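> Would you be able to build a 3D model of this:
(2 chains)
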2 protein chains.
Amino acid sequence: MENIHLDADFIEQALQSKRAVYTEFDGLRYLQFTSNFKGIRRGTAVIGGVVVVGYPSIGRVLSLQSGLQAQFQQPIWLEEKIDGFNVRIFKIDNTLVALTRGGFLCPFSADRASDFFDTSVFDEEPDLVLCAEVAGPDNPYMDSGPPFIEEDVRLFVFDMARFNQERFLPQQEKLHLLEKYRLPGARVFGRFELQQLPEIKTVLLQLNEEFREGVVFKEDSQRNHRAKYTTANVNILDIQAGAYAMLDYPPEYFKNRILRLVMFMDEQGLAATEDLRQQIGAAYVNGLFEAIEQIHAHHKVVRTFRCRFNQRDSAQNLLKRLQQTSGHVQITLRHLTEENNYWLLEFDRQYPKSSGTLSSLFSGGLMFD
Amino acid sequence: MENIHLDADFIEQALQSKRAVYTEFDGLRYLQFTSNFKGIRRGTAVIGGVVVVGYPSIGRVLSLQSGLQAQFQQPIWLEEKIDGFNVRIFKIDNTLVALTRGGFLCPFSADRASDFFDTSVFDEEPDLVLCAEVAGPDNPYMDSGPPFIEEDVRLFVFDMARFNQERFLPQQEKLHLLEKYRLPGARVFGRFELQQLPEIKTVLLQLNEEFREGVVFKEDSQRNHRAKYTTANVNILDIQAGAYAMLDYPPEYFKNRILRLVMFMDEQGLAATEDLRQQIGAAYVNGLFEAIEQIHAHHKVVRTFRCRFNQRDSAQNLLKRLQQTSGHVQITLRHLTEENNYWLLEFDRQYPKSSGTLSSLFSGGLMFD
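Predicted coordinates:
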């Protein structure tokens, strides 16, 4: 495969047009693409002399049957999509690095990686990039985690790439390396012919019952085209998690989730039972009632996050990074204490619009809508 | 009171800066302010030599107790807010004219006005402008009407103004004229001291039980300051009405309604019963299930509107005006037939985003979100 090479001129252009910046954090200095630029994806990093490409957006189908027909020409691999955050993990100059989707360093994932797999894999495969989802209730970014992870986080490798390469490793090679190095992989349901719609639907019905997010389809072909498809019930969890800070969520967040929920049910022939309708209604109102309680008690809407680290420094680095990159969202340390061989970090995120708008409304302010 | 006078220079400036246009429709030519411009409100019309000012936006309080304290210094009138559309009705050169909020002619309201009041009021009071809400299931603009109006529409006068005057008539004078000319007024619950919060809450609880929209507070003072406040249950109706064409609704529509609902319940100490949560969930999903049925059957999402007219011409004028001013929303005539001494118009609105996005998704298209 052809190597990506970004020459000095190209980098200069990207810097000039503010699509890339030099980022320095915790002793590492690298070029971070903050937006797409001439075929280079947002999140791409040039670090220690190599290019680690940004993880691509994967389009979503909302209709399974027509989606499979329209998107794929060859058999597809079905993999579980885990509801967490996306990191790329690799080793540069003997340092384990984790980058978020946007190309920021993730001191949390870098610190914890060795809890989930043997990082000596990078001694054997020095140019390997593991693309993984980190998910669970005790994570520093997401308002919720999948219900099947009861505490802390887990890590699931779902793709692999190599330095200076645009393309992922083929599925078979990835599966081989997962096994060889005993890496924790996202669940693979197998390779399906496009005609096997009933079998694919059965997988999804099962995931739906377990409130698991859904699947990614990966075409077993050179072009390796992908699409994602999610279940109905997970949207209830998303709405519930989002309702608490509703005013700070992107406007389409709730609409899209109701649409996904209804289209899944329509295709699977599921009825909107009274119980389901009740759950949806509860998801909307409960979070907002909680936010209002917070306003009455503290005049602000905050959510407390907690996560654990092996190194005290990693926790402090995470906090520093969040404070640098969270814009109007205020990040405040609550505790950093040693507990069961980990450093347990607790911090608050204060939601600016929820806090501001609700406080203003509870002081009798006018809203023009 | 001082008369508004817009001189030729000012009008020229407004036209130049595209805040006003000359509109010609059905033999009437007038200047329509399409945006606010230097103190002149959007919706203001200069017609037949007089200025009819635009109806002002009324801010909303979401917290009753603090809202009353923060917004008002004097006793307030409580009037029912009806969930319909706002028109200003008056007579120019022997022609009855109705203008919508945006300053468009409303051939529907002009045609039907005489069904709701004796329009000879304008012979006695030639410079009177009636500000009224037209509400009911058979209206040409709104997706729903208040449940207490079972068919057709009704008209409720809630303010009065005079030509070339910025300010509304004082409440007492309005009430006097309503009575004198037997005009149908919005219900007035009385004049309340700001301390009478319990009584005001009782009015609102009653309205909430009847799924009525809420009230407008009007300060009994020279400044005549206003604020509106709405009930919880009406939001369920709004969500239900909007869910059918969810993708075409403004992004904040649903968020704001959930917020109003929860804040009303919080203040009134109402619990989110299982039944209420179920109604909210149903409001979201039922409309969208219907839209999906439409897509399966007709590949588009349309809503059929119907309304009745005294004159055939008025119906045709309404249709023509909607076709001119509805942008991407496609308006299609279904029927115009005589029935019970009325001309019954039925037409379809085709929602472009709902139709386009849902059709694309049902053809297997990708969504990037």
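
> Show me the beta-bridge partners of the most centrally placed residue in chain A.
By C-alpha atoms, centre = their mean, the mean C-alpha position of chain A lies nearest to A:Phe85, the distance being 2.3 Å. Beta-bridge pairing for A:Phe85 (DSSP bridges): A:Val134.

> residue contacts, it?
The contact partners of A:Phe85, taken as C-beta atoms under 8 Å, 6 or more residues apart in numbering or on different chains, are A:Thr100, A:Arg101, A:Glu133, A:Val134, A:Ala135, A:Asn139, A:Tyr141, A:Met142. Placement of C-beta: from N, CA and C, glycine included.

> 7 Å instead, please
A:Thr100, A:Glu133, A:Val134, A:Asn139, A:Tyr141, A:Met142 (C-beta atoms under 7 Å, 6 or more residues apart in numbering or on different chains).

> before we move on, what about A:Asn317?
Neighbouring residues of A:Asn317 by C-beta under 7 Å, 6+ apart: A:Asp26, A:Pro107.

> My reading is that it lies in a helix. Confirm?
Yes: under DSSP: H, G, I helix; E, B strand; the rest coil, A:Asn317 sits within a helix.

> returning to that earlier point: with respect to chain B, which of the contacts of A:Phe85 is nearest?
Proximity of those to chain B was ranked by C-beta to the nearest C-beta; the top entry is A:Met142 with 16.3 Å.

> Distance of the closest one relative to A:Leu177?
A:Met142 is 27 Å from A:Leu177, where distance means C-beta to C-beta, to the nearest Å.

> which parts of the stretch 201-350 of chain A sit against chain B?
Residues of the stretch 201-350 of chain A lying near chain B by C-beta under 7 Å from any C-beta of the partner chain: A:227, A:246-247, A:251-252, A:254-256, A:258-259, A:262-263, A:266, A:272, A:274, A:276-282, A:284-285, A:288-289, A:292.

> In helices, which of those residues appear?
Within these, residues falling in helices by DSSP state H are A:252, A:254-256, A:258-259, A:262-263, A:266, A:274, A:276-282, A:284-285, A:288-289, A:292.

> Buried only: go through those for me.
A:254-256, A:258-259, A:262-263, A:266, A:276-282, A:284-285, A:288-289, A:292 (16 or more other C-beta atoms under 10 Å in any protein chain shown).

> where's A:Asn36 relative to A:Ser17, distance?
11 Å.

> of those two, who's got more company?
A:Asn36 (14 against 11; other C-beta atoms under 10 Å in any protein chain shown).

> Need phi/psi at the more buried one.
phi -60, psi 140 (degrees, to the nearest 10).

> OK, contacts around it?
Here A:Asn36 is in contact with A:Arg42 (C-beta under 7 Å, 6+ apart).

> any chance you could map the helices in chain A?
For chain A, the helices defined by DSSP H occupy A:8-16, A:64-71, A:107-116, A:121-124, A:171-180, A:197-209, A:233-243, A:252-268, A:274-298, A:312-325, A:352-362.

> So, low pLDDT: which residues of the stretch 51-200 of chain A?
Nowhere does the stretch 51-200 of chain A drop to pLDDT under 70.

> how about the residues of it that lie near chain B?
A:Ser57, A:Gly59, A:Arg60, A:Val61, A:Leu62, A:Ser63, A:Ser66, A:Gly67, A:Gln69, A:Ala70, A:Gln71.

> Is the first one in contact with B:Phe368, as I believe?
This points to A:Ser57. Yes: A:Ser57 lies in contact with B:Phe368 (C-beta atoms under 7 Å); the separation is 5.5 Å.

> These two: which has the busier surroundings?
A:Ser57 (15 against 7).

> Any figure for the gap between A:Ala113 and A:Asn233?
Counting by C-beta to C-beta, the gap from A:Ala113 to A:Asn233 is 30 Å.

> To clarify, my last question referred to A:Ala132.
24 Å.

> out of those two, which sits in the busier spot?
Between A:Ala132 and A:Asn233, A:Ala132 has the larger neighbour count (other C-beta under 10 Å), namely 29 against 22.

> ok, that one touching A:Ile82?
No: the criterion here is C-beta under 7 Å, and A:Ala132 misses it with A:Ile82 at 9.2 Å.

> Next, show the common contact partners of the two.
A:Phe156.

> buried stuff in stretch A:199-216?
So stretch A:199-216, judged by 16+ other C-beta under 10 Å, has buried residues A:Ile200, A:Val203, A:Leu204, A:Leu207, A:Asn208, A:Phe211, A:Arg212, A:Glu213, A:Gly214, A:Val215, A:Val216.

> Which two of these have the greatest separation?
Largest separation among the buried residues of stretch A:199-216 by C-beta to C-beta: A:Ile200 and A:Phe211, giving 18.9 Å.

> out of A:Met142 and A:Leu177, which sits in the busier spot?
Neighbour comparison, A:Met142 and A:Leu177: the larger count goes to A:Leu177, with 19 against 16 (by other C-beta under 10 Å).

> Pull the number of nearby residues for the nearest residue to the more buried one once chain neighbours are set aside.
Leaving aside its chain neighbours, A:Leu177 sits nearest to A:Met160 (6.2 Å; criterion: C-beta to C-beta, 6 or more residues apart in numbering or on different chains). Residues near A:Met160, counting by other C-beta under 10 Å, number 23.

> residues contacting A:Met160?
A:Met160 touches A:Leu128, A:Val129, A:Leu130, A:Cys131, A:Phe168, A:Leu169, A:Lys174, A:Leu177, counting by C-beta under 7 Å, 6+ apart.

> Name whatever forms a beta bridge with it.
Beta-bridge partners, per DSSP bridges, of A:Met160: A:Leu130.

> buried stuff in stretch A:356-366?
Neighbour-count burial for stretch A:356-366 flags A:Gly356, A:Thr357, A:Leu358, A:Leu361, A:Phe362, A:Gly364, A:Gly365, A:Leu366 (criterion: 16+ other C-beta under 10 Å).

> and what of stretch A:18-30?
So for stretch A:18-30, counting by 16+ other C-beta under 10 Å, buried means A:Arg19, A:Ala20, A:Thr23, A:Phe25, A:Tyr30.

> Among these, which one sits closest to A:Leu6?
A:Ala20 (9.4 Å).

> Which positions within stretch A:310-328 qualify as buried?
Buried residues in stretch A:310-328 (16+ other C-beta under 10 Å): A:Ser314, A:Ala315, A:Gln316, A:Asn317, A:Leu318, A:Leu319, A:Arg321, A:Leu322.
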